[in-house]
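S.K.: any chance you could fold what I've pasted below:
(chains A and B)
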There are 2 protein chains.
Amino acid sequence: MRDNIVPVDAPGRLRGLGVDEFQLHGGFWGDLQSTNTAATLRHCLEWMERLGWIANFDRVAAGDLDGDRPGWQFSDSEIYKLMEALAWEYGRTSEAWADETFTALTERIAAAQDDDGYLNTCYGHAGQADRYSDLPSGHELYCTGHLLQAAVARVRTVGEDKLVEVARQAADQVCREFGDDGSNGLCGHPEIEVGLAELGRALNEPRYTEQARLFIERRGRGTLKPITLLDASYFQDDIPIRKADAWRGHAVRALYLAAGAVDVAVDTDDTDLVNAIARQWDRSVERRTYLTGGMGSRHQDEGFGEDWELPPDRAYCETCAGIASNMVSWRLFLATGDVKYADLMERTFYNVIAASPAEDGRAFFYANPLHQRSAAADVRPDEVNPRAEGGVRAPWFDVSCCPTNLARTLASWQAYAASVEGDTVSLLQYANGDMRIELGDGEELALRVTTAYPHEGTIRIEVLEAPDRPITLRLRVPHWADGARLANDTGARAVEPGWARAHDSLEKGAVVVLKLPVEPRFTWPDERIDAVRGCVAVERGPLVLCAESTDLPNAEAIETFRVDPSIPPLAEGDGALVQATMAAATNTPGVLPYGPNPRRIDAAATLELSLIPYHRWAQRGSATMRVFLPTT
Amino acid sequence: MRDNIVPVDAPGRLRGLGVDEFQLHGGFWGDLQSTNTAATLRHCLEWMERLGWIANFDRVAAGDLDGDRPGWQFSDSEIYKLMEALAWEYGRTSEAWADETFTALTERIAAAQDDDGYLNTCYGHAGQADRYSDLPSGHELYCTGHLLQAAVARVRTVGEDKLVEVARQAADQVCREFGDDGSNGLCGHPEIEVGLAELGRALNEPRYTEQARLFIERRGRGTLKPITLLDASYFQDDIPIRKADAWRGHAVRALYLAAGAVDVAVDTDDTDLVNAIARQWDRSVERRTYLTGGMGSRHQDEGFGEDWELPPDRAYCETCAGIASNMVSWRLFLATGDVKYADLMERTFYNVIAASPAEDGRAFFYANPLHQRSAAADVRPDEVNPRAEGGVRAPWFDVSCCPTNLARTLASWQAYAASVEGDTVSLLQYANGDMRIELGDGEELALRVTTAYPHEGTIRIEVLEAPDRPITLRLRVPHWADGARLANDTGARAVEPGWARAHDSLEKGAVVVLKLPVEPRFTWPDERIDAVRGCVAVERGPLVLCAESTDLPNAEAIETFRVDPSIPPLAEGDGALVQATMAAATNTPGVLPYGPNPRRIDAAATLELSLIPYHRWAQRGSATMRVFLPTT
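M.R.: I've put the predicted structure just below:
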């Protein structure tokens, strides 16, 4: 059997598509991936050269550590994430530049590795703090985890090479240092777990899985010294992972940890642990997740809030948290086959991940709020943005985790588009292109997907090649798709959200057409979400829409329109049109905004309010914006 | 003319009461002040001895700086704030302990002062960073500012003594270092301005006023190096103070700066500068202030948010910001005589400042949110609380600015209760007790105020002594007091919010009775405050009320009751009773809380919901709580 070129691969289980099994042909995801290829990968490389983050490896190799070290203590990880992206890119396209760049970076990185396998440009050398001397904040194992993920991508696309050997030695050093006979330490930022678990699979090395298991079980017992003004929940060291009910603390940390836990649970047949993560997913999706799929309600600790604490304006919804959420959902999907995980992934792909990059692939949202009260200041193309505020797609950040995370995700997007289990193929995400899927026995199923989804709801699937035996093709019908229909040569029928079985026997030339309803629709929040009480949102297919001041008389108008929910939204372009009233609210400086009578804003004019897909907001210049629309 | 024993004293202007001019007799503020006297002052002293913050002065004096220095870089300021409290306490009560403690602390502090006047236990000595080497974060001038405020309290209550001399030398050093011929530096945390300005008045030293003016004018020009992940607005170095429209960034910093600016503006007859601060007050009160008077919408930077960004759950509303807000309002009141400033002060006194101390005066709220979603964990009486979360009255904090700030405010509370201008006396805050007020010519007006305000609305004022000439007595009728009545020996009449002239000629034995309506009332938020849309609050006189889970079937019920606003609230104890419905909300783990239909919580039962004064919440144990009540 072939190796699967996939980010997550538990042998013998449901698997995702190899990145080489689905060739995108333009369309929503094809275009995003092309921009990633053409612009983002090089953009990340250029910035990290310019800032000296890559040269940190050269300096360590040369023993030349005088002067300030550029970059935060976790900057090494950005190079590793870019390398992971390059590995997927090469595996998908065989483009020489990706391989050459990967190889060149490997040389520089390998030169900085200590003899015993330790590899980090910020600690452990003359003039630097000792290795592992600051586990709560040092991010050393976090960096190593990303190194291992880059190696996983490499070994699955090219095979064992120098970077894989570097990773193996680094992993071995971690196992010696933190194994059962070593220190009881933990890294403040989970990531090593998912890296070790997947490298264990890729290299068939159960010691790595075991080390990941140790880190996961060790956590939640107050081992880490709290960081000033934050408590142990910040890095999930407050409650053992099996006992927690919901995600809490720093969102990316919580989700990376959960992803690693599912990997370990699957490899060790630990049903209790899978169930714990599934329970946390359930609870967090019910009470701590935004309409966009975004996670993280607080700027203070980049963290989850309490149940129902989902402010749209101060939503953090870090791009990386969206990526991490999909890492968890994907693993739970592979472990359980439950369609709900793919549903949330679609929501997050379209409304968090796709929102981040600018059209040119050279600037990125870091935070993804659902309400922008003031238009953000413009960012210069040569400026390192110090802050992760909403409304700013910046070319680079002081803490610049999102651009490279996005790069590796877009470079491997097709891995999440379908799953394969024996002779059952399930299409999960719809995109224009050709699939050539290896089935259980090595034979192939070739499909052509033709669609303008999500802008249109018709998805046409043609069988180009199929083996001469019954193959099951299932199509995911999204949870919002009330009124979906499926047509094949035996006729058309209504299909319910969940799985739609497309055809009993697939033969070359067979055509299946799924029609999803992508008319605009109102979506109402649970009344316990205090921050959006009295508001309605508009969605269109998988897209969350928003109102942007670019389409309003002025920036302040974002606060004073009121939508009439008795009139259904109409389609307009790829957005919608809703009926609203506008008011000139009374301003009374010096008077508190509280009084003895309900303070309604009187309608001064009617307005046809244009809504656009959320993922495109602020592309026409900085603006105010809101997803949840106050109603009349 | 006598010296006025007041925190703010611009000669020849409207003045507040000397702390010795109003003897409180129990009641709301008398009881709080007694607890401050009996418990809080010693509590603060004991904690700062235990943690070694006071001993830092001894170590500097002895040149013994080996080992870690306990406390943050601003811990000196806490000792100074306690000394200010002790000075007011002694000035008010002549209690020997307060004076002896002040004197003993003075000796230890004076011994740590360098020969040139510089005084700080964290910088400038062997093994420490250089003086003023970290102006953005070092807080040196902030500490000095509090030293000067302590000296102001001392000189006004006792006269010039050793502490005043220490302060004078410290102020002189600041003037040399940062004067026109010195460095162009600024402190990241304003406070030196208000200290210098008031010390300039107290010692008749215009150089100090001028130095305060320099610091104020220098600010807002990007001089300070931004702190990681924060921008220049954090410490108000983004916009020159005359040009700003509203307060922004760290709330305490913004407000201390504004207070100092009013002092300087008054002393230099700078109408433009007073008007700038008044304009910022107007705009910030209209759009950035909570119903409680609390300021600061964000935990991230302890800062103001955008206009209308007033989340009740993540309200920071630091106790110190309430104190600082009253410092600004008081100065604007003295500068303009506008009653609106005293109105906001009353709101902030009752609903921010009075909320902070526990009943025993040995634990304190730091943050004052208007909605608590989860009951806070209990705090041990010997525990230093690392965090400024809501719901926890803690005995001490890692950053422990609030307890000593509260101590100095409560020790001098009567200063804000009335103002005097020639022969016009204006009562601003109502409390039970005896006033003996010096008028313009040195003669005295003695009044007895008898009231159970705010629990009852009747305020009886009896003239005990009065000079033999017309004296004007004005009473503040709060902005919410619709239906207030004033009775004197000529009859009773309705009075409007604002000023009510009590009597044309005050004679010994004359009695005036003000009746304020303190029945519970609904208060509605402006519809632009997104976070409380569809909610109503209940107030009673100056008190904001709240629902607490202690009075509900369970902690989660705080999310699921709905108040019927068609039935007016009824008085119950010192709180209110409102009609509500309760529901068992449907929980559907794994399903996003957004759907195609309005998700109303169906009424499952009716409920008479008890509300208590906000300032008393969490006194019966940790609880969930909310001020803004969702309506049916």
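
S.K.: could you use CA atoms for every contact and neighbour count after this?
M.R.: OK.

S.K.: SS state for A:L545?
M.R.: strand (DSSP: H, G, I helix; E, B strand; the rest coil).

S.K.: hang on, it packs against A:V536?
M.R.: No: using CA atoms under 8 Å, A:L545 makes no contact with A:V536, being 11.0 Å away.

S.K.: who has more neighbours out of these two?
M.R.: Just comparing A:L545 and A:V536: by other CA atoms under 10 Å in any protein chain shown the higher neighbour count belongs to A:L545, 29 against 24.

S.K.: residues in contact with the more buried one?
M.R.: A:537-539, A:575-576, A:611-614, A:627 (CA atoms under 8 Å, 6 or more residues apart in numbering or on different chains).

S.K.: how about a cut-off of 10 Å?
M.R.: A:292, A:351, A:520-521, A:537-539, A:574-576, A:610-617, A:626-628 (CA atoms under 10 Å, 6 or more residues apart in numbering or on different chains).

S.K.: ok, the spatially closest residue to it that is not a sequence neighbour - how many residues close by?
M.R.: Of all residues not flanking A:L545 in the chain, A:P613 sits nearest, at 4.3 Å (CA to CA, 6 or more residues apart in numbering or on different chains). By other CA under 10 Å, the residues close to A:P613 number 25.

S.K.: need phi/psi at A:P613.
M.R.: phi -60, psi 130 (degrees, to the nearest 10).

S.K.: would you confirm that it contacts A:L577?
M.R.: No: using CA atoms under 10 Å, A:P613 makes no contact with A:L577, being 11.8 Å away.

S.K.: what touches both of the two?
M.R.: With CA under 10 Å, 6+ apart as the test, A:P613 and A:L577 both reach A:538, A:547.

S.K.: distance check, the residue of the stretch 201-350 of chain A found nearest chain B against A:V264.
M.R.: Nearest residue of the stretch 201-350 of chain A to chain B: A:D282, at 3.6 Å (CA to the nearest CA). Going from A:D282 to A:V264 by CA to CA, to the nearest Å gives 20 Å.

S.K.: who has more neighbours, these two?
M.R.: Applying other CA under 10 Å to A:D282 and A:V264 shows that A:V264 carries more neighbours, namely 29 against 21.

S.K.: distance check, the more buried one against A:E217.
M.R.: Distance from A:V264 to A:E217, by CA to CA: 11 Å.

S.K.: check A:E572 too.
M.R.: Distance from A:E572 to A:E217, counting by CA to CA: 52 Å.

S.K.: how does chain A divide into domains?
M.R.: Residue ranges for each domain of chain A read A:1-218, A:221-355, A:418-515, A:520-588+A:598-630, as given by automatic domain parsing.

S.K.: secondary structure element holding the nearest residue to A:E193 once chain neighbours are set aside?
M.R.: Using CA to CA, 6+ apart and skipping the chain neighbours, the partner closest in space to A:E193 is A:A212 (4.5 Å). Using DSSP states H and E, the element containing A:A212 is helix A:206-218.

S.K.: which SSE is immediately downstream of that helix?
M.R.: helix A:251-267.

S.K.: can you name every helix or strand that that following helix contacts?
M.R.: The contact analysis (3 or more CA pairs under 10 Å, 6 or more residues apart in numbering or on different chains; DSSP states H and E) places helix A:251-267 against helix A:192-202, helix A:206-218, helix A:271-287, helix A:319-336.

S.K.: the third one vs helix A:251-267, what angle?
M.R.: For helix A:271-287 and helix A:251-267, the angle between their directions (axes from the mean of the first three to the mean of the last three CA atoms, to 10 degrees) works out to 150 degrees.

S.K.: packing partners for helix A:271-287?
M.R.: By 3+ CA pairs under 10 Å, 6+ apart, helix A:271-287 packs against helix A:251-267, helix A:319-336, helix A:339-348.

S.K.: most packed of those helices?
M.R.: The highest mean neighbour count among the helices and strands packed on helix A:271-287, using mean count of other CA atoms under 10 Å in any protein chain shown, belongs to helix A:251-267: a mean of 27.

S.K.: quick one, that helix and helix A:319-336 angle?
M.R.: Angle of helix A:251-267 versus helix A:319-336, following the same axes, to 10 degrees, is 20 degrees.

S.K.: check the offset of helix A:251-267 from the chain's centre.
M.R.: 14 Å (CA atoms, centre = their mean, to the nearest Å).

S.K.: and for stretch A:311-319?
M.R.: Worked out by CA atoms, centre = their mean, stretch A:311-319 lies 15 Å from the chain centre.

S.K.: mind listing the strands the helix or strand harbouring A:R460 pairs with, and their directions?
M.R.: Following DSSP H and E, the helix or strand that holds A:R460 is strand A:458-465. Paired strands of strand A:458-465, with direction, are strand A:444-451 (antiparallel), strand A:511-515 (antiparallel) (DSSP bridges).

S.K.: residues contacting that strand, please?
M.R.: Contacts of strand A:458-465 (CA under 10 Å, 6+ apart): A:430-437, A:443-453, A:484-488, A:502, A:506-518.

S.K.: chain center to it, what's the gap?
M.R.: Distance, centroid of strand A:458-465 to centroid of chain: 28 Å (CA atoms, centre = their mean).

S.K.: not counting sequence-adjacent ones, nearest residue to A:S297?
M.R.: Nearest non-adjacent residue to A:S297, counting by CA to CA, 6+ apart: A:A315, 4.7 Å away.

S.K.: in three-state terms, label the one you found for me.
M.R.: Per three-state DSSP, A:A315 ends up coil.

S.K.: ok, the helix or strand of chain A with the lowest mean pLDDT: who's next to it in the sheet?
M.R.: Sorting the helices and strands of chain A by mean pLDDT, DSSP states H and E puts strand A:384-385 at the bottom, at a mean of 84. Paired neighbours of strand A:384-385 in the sheet (DSSP bridges): strand A:396-397 (parallel).

S.K.: sorry, back to before: tell me how far the residue of the stretch 201-350 of chain A closest to chain B lies from B:N587.
M.R.: Per CA to CA, A:D282 is found 11 Å from B:N587.
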